[in-house]
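J.: Predicted model, plus sequence, below.
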Amino acid sequence: MKQHAIFFLVLGIALVLWGQLRRKPPDLYATFERVVLVAVGGAIPLALLIALFAAEGVLGQFWFWTFQYAKAYVSEVSWSDAPSTFLFGCWVVTLAMLPFWLLAGFGVIALWLGRWTADARFFLSALLVASFLAICPGFYFREHYFILLLPAVALFLGVAVASLGRVCSIAVGPLRARFISAAVFGVLAVSYVVKERDYLFSMPTGELSRTRYGSNPFVAAIAIASYIREHTTPEDRVAVLGSEPEIYFYADRKSATGYLYTYALMEDQKYSTTMQNEMIHEIETAHPKYLVFAQIFTSWLVRPQSDKTILAWVDRYTHKCYELVGIADIEPAGETRYMWEGEISRYKAASRNQVYTFRRESDTPCVTGS
């Protein structure tokens, strides 16, 4: 996340410079001192992490994931694709709360047209710019990236409501104006709650997950992890082939591989094949007691140009070294069906989204020879 965080470090330095240089006369020494303090404060967590990773002997992996792979990751989406990706991201995040986003947009305009201090204008504008830039690295504009914008959006909502009150006070007086502006915000909030009342209050957890996340196996992960926890000891290792690290958490078992999600393995970047080979080697070396394979698009995000070596390896490895003991068949619009051990031979898949649970056949190390 360093690509996102760096913009807020720059924001902190910019705010220090703004505050210090507006003094009459400006104290250049004090300004330099405070800028250094902010920069050092931002660098301390990174320095501590580097020291910790060096002590653990994993500084090379830290450098790879934080800088080398990160560089490849943010280079996938082209500049020409950025506008359409951004617009799609905006459409997704504003589906349920578009009036609030529009009101915040009115707040941006009101900040510069209304009677606001220079300090307020600089701070809010700088925060908005930094927040926007923080969601831009890689031009992916995924929904959760927009969380970084929410503090700025909330503040501009406040500007909009306050500005509306100021305008109304000219006609109806300050007391009624406050009531009107508060009522406008209240109506928006109540309309959102009424519109999303099922989602917010009454929708069962499983249905909520399917409604929001489709075929992602978030609910199935709990049942799979429960089965693994009941059939293993704390010393047993587990491998999850897919992007479902929550299974390790629910099962309270350690991973046989350092790859806790597999999106990077399917990306069109120069390290993907090396990553796949490393994950294969780690799993074959550990030969975990249970192996979970998520045969779900959203758990891998396979592209036409993806290297599919590891997917072919999974098929060979599980057939040679493991026994199928569980199937979770996930229907996006229905219930997830679970089959365990003896029930599997009689089961016919109802969807294209399955999570398979395999049990190691022997304690003897088993490799595919690939």
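T.: Yep, it's here.
J.: Every contact and neighbour count from this point should use C-alpha atoms.
T.: Fine.
J.: Please enumerate the helices of the stretch 151-300 of the chain.
T.: 174-195, 197, 205-213, 218-230, 246-251, 263-266, 272-286, 297-300 (DSSP state H, counting those that start in this stretch).
J.: So which bits of the third one are buried?
T.: Spelled out, it's helix 205-213. Judged by neighbour count (16 or more other Cα atoms under 10 Å), helix 205-213 contains these buried residues: Glu207, Ser209, Arg210.
J.: Okay, the residue nearest in space to the middle of the chain and Ala225: tell me how far apart.
T.: The residue lying closest to the centre of the chain (Cα atoms, centre = their mean) is His144, at 5.2 Å. Per Cα to Cα, to the nearest Å, His144 is found 26 Å from Ala225.
J.: Tell me the strands beside the longest strand that the chain contains, with direction?
T.: If you go by DSSP state E, the chain has its longest strand at strand 322-330. With DSSP bridges as the test, strand 322-330 is paired with strand 336-340 (antiparallel), strand 354-360 (antiparallel).
J.: Buried residues, the shortest one. List them.
T.: This points to strand 336-340. Result for strand 336-340 [16+ other Cα under 10 Å]: buried residues Thr336, Arg337, Tyr338, Met339, Trp340.
J.: Quick one: end-to-end distance for stretch 250-267.
T.: Stretch 250-267 has an end-to-end distance of 28 Å (criterion: Cα to Cα).
J.: Could I get the buried residue list for that stretch?
T.: For stretch 250-267, by 16+ other Cα under 10 Å, it's 250-257, 259-260, 262-267.
J.: Please report phi then psi for Leu95.
T.: Phi and psi for Leu95, reported as degrees, to the nearest 10, are phi -60, psi -50.
J.: Look up how far Glu143 lies from it.
T.: 11 Å.
J.: higher neighbour count, the two?
T.: Taking other Cα atoms under 10 Å, Leu95 and Glu143 do not tie; Glu143 has more neighbours (15 against 9).
J.: pLDDT score assigned to the more buried one?
T.: You'll see Glu143 listed with a pLDDT of 92.
J.: Contacts only, for it.
T.: Neighbouring residues of Glu143 by Cα atoms under 8 Å, 6 or more residues apart in numbering: Gly89, Val92, Val93.
J.: do Ser181 as well
T.: Val161, Ala162, Leu164, Gly165.
J.: Give the buried residues for stretch 119-132.
T.: Leu124, Ser125, Ala126, Leu127, Leu128, Val129, Ala130, Ser131, Phe132.
J.: same check, this time on stretch 271-283
T.: Residues of stretch 271-283 classed as buried by neighbour count (16+ other Cα under 10 Å): Tyr271, Ser272, Thr273, Met275, Gln276, Met279, Ile280, Glu282, Ile283.
J.: what's the closest of those to Ile13?
T.: Distance to Ile13 across those (Cα to Cα) is lowest for Tyr271, with 34.9 Å.
J.: For that closest one, what are phi and psi?
T.: phi -100, psi 0.
J.: Give me the distance between the residue nearest to it when sequence neighbours are not counted and Lys270.
T.: Excluding the flanking residues, the one nearest Tyr271 by Cα to Cα, 6 or more residues apart in numbering is Tyr69, at 7.3 Å. In this view, Tyr69 and Lys270 are 9 Å apart by Cα to Cα.
J.: quick one, which of those two is more surrounded?
T.: Tyr69 (17 against 12).
J.: Tell me which helix or strand comes right after the helix or strand harbouring that one, heading toward the C-terminus.
T.: Assigned by DSSP states H and E, Tyr69 falls within helix 69-73. Downstream of helix 69-73, the first helix or strand assigned by DSSP H and E is helix 82-93.
J.: ok, now which ones touch Gly19?
T.: So Gly19 contacts nothing (Cα under 8 Å, 6+ apart).
J.: Would you mind measuring from it to Val35?
T.: Distance from Gly19 to Val35, by Cα to Cα: 11 Å.
J.: Please apply the same query to Leu127.
T.: Applying Cα to Cα to Leu127 and Val35 gives a distance of 17 Å.
J.: For the helix or strand bottoming out on mean pLDDT in the chain, name the packing helices and strands.
T.: Ranked by mean pLDDT, DSSP states H and E, the weakest helix or strand in the chain is helix 205-213, scoring a mean of 85. If you count contacts as 3 or more Cα pairs under 8 Å, 6 or more residues apart in numbering; DSSP states H and E, helix 205-213 packs onto helix 218-230.
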